[in-house]
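# based on what follows, work out the 3D shape:
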Amino acid sequence: MGVSVFLFLCTSNLNIFMIAATDILVTKSGRSKLQDLNLDNLPFGRYFSDHMLEADYENGSWRNIEIKPYQPLLLSPSLAALHYGQAIFEGIKAYKDRQGNAFIFRPQDNFRRFNISAERMQMPTVPEELFMEGMRKLVEIDKNWIPSREDHSLYIRPFMFSSDELIGVRPSDNYKFMIILSPTGPYYAAPMRIYVEERYVRAAPGGVGYAKAAGNYGAAMLATAEAKKKGYDQVLWTDAVEHKYVQEIGTMNVFFIIGNKAITPDLEQETILEGVTRQSVITLLKEMGLSVEERQLSIDEITDAYKSGSLLEVFGTGTAATISLIKELRYKDFVMQFDVEKWKTAPTLKKWLTDIREGRREDKYGWMVKV
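Numbers count the residues shown, from 1 in each chain. A predicted model of the protein is given here:
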């Protein structure tokens, strides 16, 4: 029982490998866990669907491609990923329209970014047919796990890690690629309070800030924990050299509406993630008639705009977060507070994106890929 995966090429930094035509082996679970779960009240990332996709990179090619019941992995204590951090992931979402059809939001962009991360971490790239068709087939099998409530979705987590059973600082020869699914509600249900971080550093030029590497998130946890002790939800990172220019918020890119312009940090230094939701928001902001600037933005410019009354809105964008309103921004002892009830731009963006994803607004950019 399988779905054909056609002949394709897998490229890495050093080699080109041919993958022979094969099938995705499908083994279905006997009883769905969905019978025991209420999809109307879901925390983010706590529950997982019935099936997962697993594939192995061995001897220069991808093999053992299988969709099977969600289950634990049997791993060696010497697994290279546990010791040297060769691990990357992506976050994608699937939605249902009013007719119950399942769609995935902009998966091609996540596929492209996944392989950018792979190349930076000296890992093999994942072929498009494996990534896209494997994800499509997995979501098709578990499409009943997509919640129908507004602001709810099926979170798709592709990830890859080194699987050599060997201690030694070098890129692995073997890797495991997997996809799991998690029905979820809103990541941030309420407007956020954000602390501007000046001591710790998330990323520096020449580093891995632009890659969705697991270690980026581990390194951010101490700063986030300290901000939460002060009553804040997340940190707004600043540059590694001067702590002067803003970069991104923990799990999100960030936008500032100053006057009639929307400003977001640019990608030139390769220190922040090129968010798929970020790209979508830039497109929709232009459709609204706002001028969009991708450039360096200093915290001093932000505080000056707040003092003059021209800083109108601040919000984060991300796959998990979608559009998250920011009601408070603290820099040193200076606190900027916002009345989010009066905002127009961010709530409109959130509604437009939700309506596109759930089939209530025309998808004129071709973002939704039918399962």
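# SS state for the residue lying closest to Asn64 once chain neighbours are set aside?
Once flanking residues are discounted, Asn64 sits nearest to Asp56: 4.5 Å by C-beta to C-beta, 6 or more residues apart in numbering. (Glycine included, C-beta is placed from N, CA and C.) For Asp56, the secondary structure call by DSSP: H, G, I helix; E, B strand; the rest coil comes out as strand.
# show me the beta-bridge partners of Asp56.
Arg63, Lys176 (DSSP bridges).
# over to Leu267: give its phi and psi.
phi -100, psi 10 (degrees, to the nearest 10).
# and for Val340?
According to degrees, to the nearest 10, Val340 has phi -70, psi -20.
# residues of stretch 78-90 that come out buried?
Across stretch 78-90, burial judged by 16 or more other C-beta atoms under 10 Å covers 79-81, 84-90.
# so what's the gap between stretch 293-312 and the chain middle?
26 Å (C-alpha atoms, centre = their mean, to the nearest Å).
# where do the helices sit along the stretch 51-200 of the chain?
80-84, 107-120, 128, 134-141 (DSSP state H, counting those that start in this stretch).
# next, format those as JSON lines and append mean pLDDT.
Output for these, formatted as JSON lines (pLDDT from 0 to 100):
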{"stretch": "helix 80-84", "mean pLDDT": "97"}
{"stretch": "helix 107-120", "mean pLDDT": "98"}
{"stretch": "helix 128", "mean pLDDT": "96"}
{"stretch": "helix 134-141", "mean pLDDT": "97"}
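# turn the ones you listed into JSON lines, columns for distance to Lys351.
What follows is these, written out as JSON lines (distance: least, C-beta to C-beta, whole Å):
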{"stretch": "helix 80-84", "distance to Lys351": "40"}
{"stretch": "helix 107-120", "distance to Lys351": "22"}
{"stretch": "helix 128", "distance to Lys351": "32"}
{"stretch": "helix 134-141", "distance to Lys351": "25"}
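# out of the ones you listed, nearest to Ile167?
Among the helices of the stretch 51-200 of the chain, the nearest to Ile167 by C-beta to C-beta is helix 80-84 (6.1 Å).
# before we move on, the earlier item: for the helices of the stretch 51-200 of the chain, which one sits closest to Lys307?
helix 107-120 (37.0 Å).
# the closest one vs helix 134-141, what angle?
Angle of helix 107-120 versus helix 134-141, following axes from the mean of the first three to the mean of the last three C-alpha atoms, to 10 degrees, is 130 degrees.
# what's the spacing between the following helix or strand past helix 107-120 and its chain's center?
The helix or strand immediately downstream of helix 107-120 is helix 128, counting by DSSP states H and E. A distance of 18 Å separates the centroid of the chain from that of helix 128, by C-alpha atoms, centre = their mean.
# ok, the most centrally placed residue in the chain - contacts?
Nearest to the geometric centre of the chain sits Gly91, at 3.5 Å (C-alpha atoms, centre = their mean). For Gly91, the contact set (C-beta atoms under 8 Å, 6 or more residues apart in numbering) comprises 110, 155-157, 212, 318-320.
# rewinding a little: select, out of the helices of the stretch 51-200 of the chain, the one closest to Ala223.
helix 107-120 (21.8 Å).
# ok, residues contacting the closest one?
Here helix 107-120 has contacts from 12-13, 88, 90-92, 124-126, 128, 131-132, 135, 156, 158, 160, 208, 210-213, 273-274, 276, 279, 369, using C-beta under 8 Å, 6+ apart.
# pull the CA atoms of stretch 72-90 into PDB?
What follows is stretch 72-90, C-alpha atoms only, in PDB (Å, rounded to 0.1, in the frame of the first residue of the first chain):
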ATOM      1  CA  PRO A  72       8.400   6.500  20.400                       C
ATOM      2  CA  LEU A  73      11.800   6.200  18.800                       C
ATOM      3  CA  LEU A  74      14.500   3.700  19.900                       C
ATOM      4  CA  LEU A  75      17.700   5.800  20.000                       C
ATOM      5  CA  SER A  76      21.300   5.100  21.000                       C
ATOM      6  CA  PRO A  77      22.900   7.100  23.900                       C
ATOM      7  CA  SER A  78      25.700   7.900  21.500                       C
ATOM      8  CA  LEU A  79      23.300   9.500  18.900                       C
ATOM      9  CA  ALA A  80      25.300  12.300  17.400                       C
ATOM     10  CA  ALA A  81      22.300  14.800  17.500                       C
ATOM     11  CA  LEU A  82      22.200  14.600  21.300                       C
ATOM     12  CA  HIS A  83      25.900  15.500  21.600                       C
ATOM     13  CA  TYR A  84      26.600  18.000  18.700                       C
ATOM     14  CA  GLY A  85      23.200  19.600  17.900                       C
ATOM     15  CA  GLN A  86      22.800  18.800  14.200                       C
ATOM     16  CA  ALA A  87      19.000  19.200  14.300                       C
ATOM     17  CA  ILE A  88      16.700  21.400  12.300                       C
ATOM     18  CA  PHE A  89      12.900  21.800  12.000                       C
ATOM     19  CA  GLU A  90      10.000  23.700  10.300                       C
END
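# and that stretch, how far out from the chain middle?
20 Å.
# contact partners of it?
110-111, 113-114, 117-118, 121-123, 156-167, 169, 171-172, 175, 211-215.
# re the thing from before, list only buried entries from the contacts of helix 107-120.
12, 88, 90-92, 124-126, 131-132, 135, 156, 158, 160, 208, 210-213, 273, 276, 369.
# this completes my enquiry, with thanks.
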